[in-house]
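[1] below are the sequence and a predicted model for it; my questions follow.
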Amino acid sequence: MSAPLSHRWIECFALTLGLALVAGAYAAEGHVHGEPAPRVETATMTDAGEPDIRPNLKALAKKNERREEHAEAPAAKEPAKEPAKEAASKEKDKGKGAMAKGGASAPGDPKSAVSMSELRDLIDQKVAEVRAKQSAAPVVKIQSRSAKLRRDPSLQPAMYAPGKEGAIPTPADAAKVSSGGHGGKPAGVSLVDPHGHEVHWAYSGDTGPESWGMLKPEFQQCMLGKRQSPIDIRDGIPVQLDPIQFDYHPAGFRVIDNGHTIQANVDPGNSFTLQGKRYELVQFHFHRPSEERINGKQSDMVVHLVHKDAEGKLAVIAVLIDQGNAHPALQLVWNALPLEKGMEQASSVPLDLNLILPEHKQYFTYMGSLTTPPCSEGVLWMVMKQPAQMSREQIGIFARMYPMNARPVQSAQGRMIKDGQ
């Protein structure tokens, strides 16, 4: 081998060795910072004439391995932390068990620290234990005063709700009063107010005509009926009506002040016949002013003669009364006035009922109702065209007891009204 070529080989070997040393140092530096150390393979000279550099490379490799072991040591210690965590968790569980048994931990001990949710659970548990040991609280029954009133038969409500009539209790010992008008019979049991006083229908005030339909279940027709009386008689159809065949004669009677009007209950045997049907006179009573109106005109008074047929259907003959001459027959009624309300007073003199009727007996007719509660419908009305007369003094006697006892006129609602000629 020539000298120049040998020098070139030496220069190449030196350059290769230098590069290897630099690469090894760089790899070691990178591995320390967490980068993998690349394996460096260097070419060796096997020529007999070149020096062997493998021992130096082996030493460098061992040095690099020691550095790798030193870098991997912290990573090897990381798994050891997991058992430590498990131990800490076990210690925390032991702390919870100690607190559940009532043992309080030291405030500064981190192993015995308890969260707010755990503390709340412990408090709820203690409260539940205390409540379980306590006896049940006594039950206090509160009885409403209104319920007591409903059970007391002497105290009943005065009003009722339409549609719930069957639920309204009535006192068994309440006094019965007359209906005060057309039926001629007691209206039934009276309701009482919260103070135990009987509630009567009236012609004014809270129990006046506008409230009749709400006072008792049987009075519903007073506000719901479609054929109510009285009415203002006008625009009647002029026709030839069958004459009323009266069969009146002198009869005994009894006078009663029923709290709503003066009423005379007549002995049996007086009647009239119309279209082949016979109606028996039951009683007659008075209103001031007249309840009926003819073309808007109202009379000073009216007398209603109430009749009933064999089937129980009612027919009323109304005789209007104007102020004028004294009426001798009706004076007999005033003469028999009782001293107390609700007491019947028999007349010592019989009354000729024909004297109550006017001379001319033409009449208006229509279908209506009673003008007093319960305002039952299906009543045949005949209103005499010619009025009777009573003196001012006779009208004044009635007015002292009943200044006004007339129901307001009701809607005709297109009813047929016949004007007899």
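    That came through fine. Here the structure is a predicted model, which means the values were calculated and not measured.
[2] can you give me the end-to-end span of stretch 297-305?
    One end of stretch 297-305 sits 21 Å from the other (C-alpha to C-alpha, to the nearest Å).
[3] please read the previous query as pertaining to stretch 283-298.
    Its start and end residues considered, stretch 283-298 measures 23 Å (C-alpha to C-alpha).
[4] state the number of residues packed around residue 274.
    Residue 274 is flanked by 19 other residues according to other C-beta atoms under 10 Å. The C-beta positions use only the backbone N, C-alpha and C, and glycine is treated the same way.
[5] likewise residue 386?
    When neighbours are counted by other C-beta under 10 Å, residue 386 registers 13.
[6] how much space between the nearest residue to it once chain neighbours are set aside and residue 301?
    The shortest distance from residue 386 to any non-neighbouring residue, by C-beta to C-beta, 6 or more residues apart in numbering, is to residue 358 (3.9 Å). Between residue 358 and residue 301 the computed distance is 14 Å (C-beta to C-beta, to the nearest Å).
[7] the two: which is more packed in?
    For residue 358 and residue 301, the more surrounded residue by other C-beta under 10 Å is residue 301, and the numbers stand at 25 against 15.
[8] contacts only, for the more buried one.
    Residue 301 sits next to 286, 287, 288, 289, 290, 320, 321, 390, 395, 398 when contact means C-beta atoms under 8 Å, 6 or more residues apart in numbering.
[9] now render these as JSON lines, adding pLDDT and secondary structure.
    Conversion of those to JSON lines gives the following (pLDDT from 0 to 100; DSSP: H, G, I helix; E, B strand; the rest coil):
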{"residue": "286", "pLDDT": "98", "secondary structure": "strand"}
{"residue": "287", "pLDDT": "98", "secondary structure": "strand"}
{"residue": "288", "pLDDT": "98", "secondary structure": "coil"}
{"residue": "289", "pLDDT": "98", "secondary structure": "coil"}
{"residue": "290", "pLDDT": "98", "secondary structure": "coil"}
{"residue": "320", "pLDDT": "98", "secondary structure": "strand"}
{"residue": "321", "pLDDT": "98", "secondary structure": "strand"}
{"residue": "390", "pLDDT": "98", "secondary structure": "strand"}
{"residue": "395", "pLDDT": "98", "secondary structure": "helix"}
{"residue": "398", "pLDDT": "98", "secondary structure": "helix"}
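[10] now, which of those sits nearest residue 347?
    Nearest to residue 347 among those, counting by C-beta to C-beta, is residue 286 at 15.5 Å.
[11] quick revisit: what's the most distant pair in the contacts of residue 301?
    Farthest pair in the contacts of residue 301, by C-beta to C-beta: 320 and 398, 14.5 Å.
[12] ok, so of the contacts of residue 301, who is nearest residue 239?
    Nearest to residue 239 among the contacts of residue 301, with distances taken as C-beta to C-beta, is residue 320, at 20.8 Å.
[13] was I right about that closest one contacting residue 288?
    No. Using C-beta atoms under 8 Å, residue 320 is not in contact with residue 288, being 11.7 Å away.
[14] of these two, which one has the most company?
    Neighbour count, other C-beta under 10 Å: between residue 320 and residue 288, residue 320 has more, with 25 against 20.
[15] pull out the buried residues from stretch 398-408.
    398, 399, 402, 405, 406, 407 (16 or more other C-beta atoms under 10 Å).
[16] name the helix or strand for residue 413, please.
    In this assignment (DSSP states H and E), residue 413 forms part of neither any helix nor any strand.
[17] that one and residue 220: what is the separation?
    Residue 413 sits 17 Å away from residue 220, going by C-beta to C-beta.
[18] cool, residue 380 as well?
    Look at residue 380 and residue 220: by C-beta to C-beta, they are 22 Å apart.
[19] among the buried residues of stretch 398-408, which lie within helices?
    The helices, defined by DSSP state H, take in 398, 399 from the buried residues of stretch 398-408.
[20] which stretches of the chain have low pLDDT?
    Counting by pLDDT under 70, the chain contains low-confidence residues at 1-12, 14-115, 130, 132-198.
[21] make it 50
    Applying pLDDT under 50 to the chain picks out residues 30-55, 57, 74-85, 87-88, 92, 95-108, 110-112, 140, 144-180, 183-189.
[22] residue ranges for the helices of it, please.
    Under DSSP H, the chain gives helices at 3-32, 54-77, 81-100, 116-133, 145-151, 212-215, 221-224, 328-335, 392-401.
[23] tell me the helices and strands packed up against the fourth one.
    To tie it back to what came earlier, the one meant is helix 116-133. The helices and strands touching helix 116-133, judged by 3 or more C-beta pairs under 8 Å, 6 or more residues apart in numbering; DSSP states H and E, are helix 81-100.
[24] what's the answer for the last one, then?
    Judged by 3+ C-beta pairs under 8 Å, 6+ apart, the packing partners of helix 392-401 are strand 314-323, helix 328-335.
[25] contacts only, for residue 271.
    For residue 271, the contacting residues are 247, 278, 279, 280, 281, 307, by C-beta under 8 Å, 6+ apart.
[26] for residue 205, see how far away it is.
    38 Å.
[27] ok, back up a step: the residue nearest to residue 386 contacts residue 383, doesn't it?
    No. Using C-beta under 8 Å as the test, residue 358 is too far from residue 383 to be in contact (11.2 Å).
[28] phi, psi for residue 347 please.
    Dihedral pair for residue 347: phi -80, psi 140, per degrees, to the nearest 10.
[29] and the contacts of residue 271, which of them are in strands?
    Mapping the contacts of residue 271 onto strands (DSSP state E) picks out 247, 278, 279, 280, 281, 307.
[30] in CSV: those residues, plus distance to residue 369.
    What follows is those, written out as CSV (distance: C-beta to C-beta, whole Å):
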residue, distance to residue 369
247, 26
278, 22
279, 17
280, 20
281, 19
307, 15
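[31] of those residues, select the buried ones using a PyMOL command.
    With 16+ other C-beta under 10 Å as the criterion, this PyMOL line picks the buried residues out of the ones in strands among the contacts of residue 271:
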select buried, resi 279+280+281+307
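[32] show me which of the ones in strands among the contacts of residue 271 is closest to residue 265.
    Closest approach between those and residue 265, by C-beta to C-beta: residue 281, at 10.0 Å.
[33] which residues touch the closest one?
    With C-beta under 8 Å, 6+ apart, residue 281 has these contacts: 248, 266, 270, 271, 272, 305, 306, 307, 353.
[34] good, we can wrap up now.
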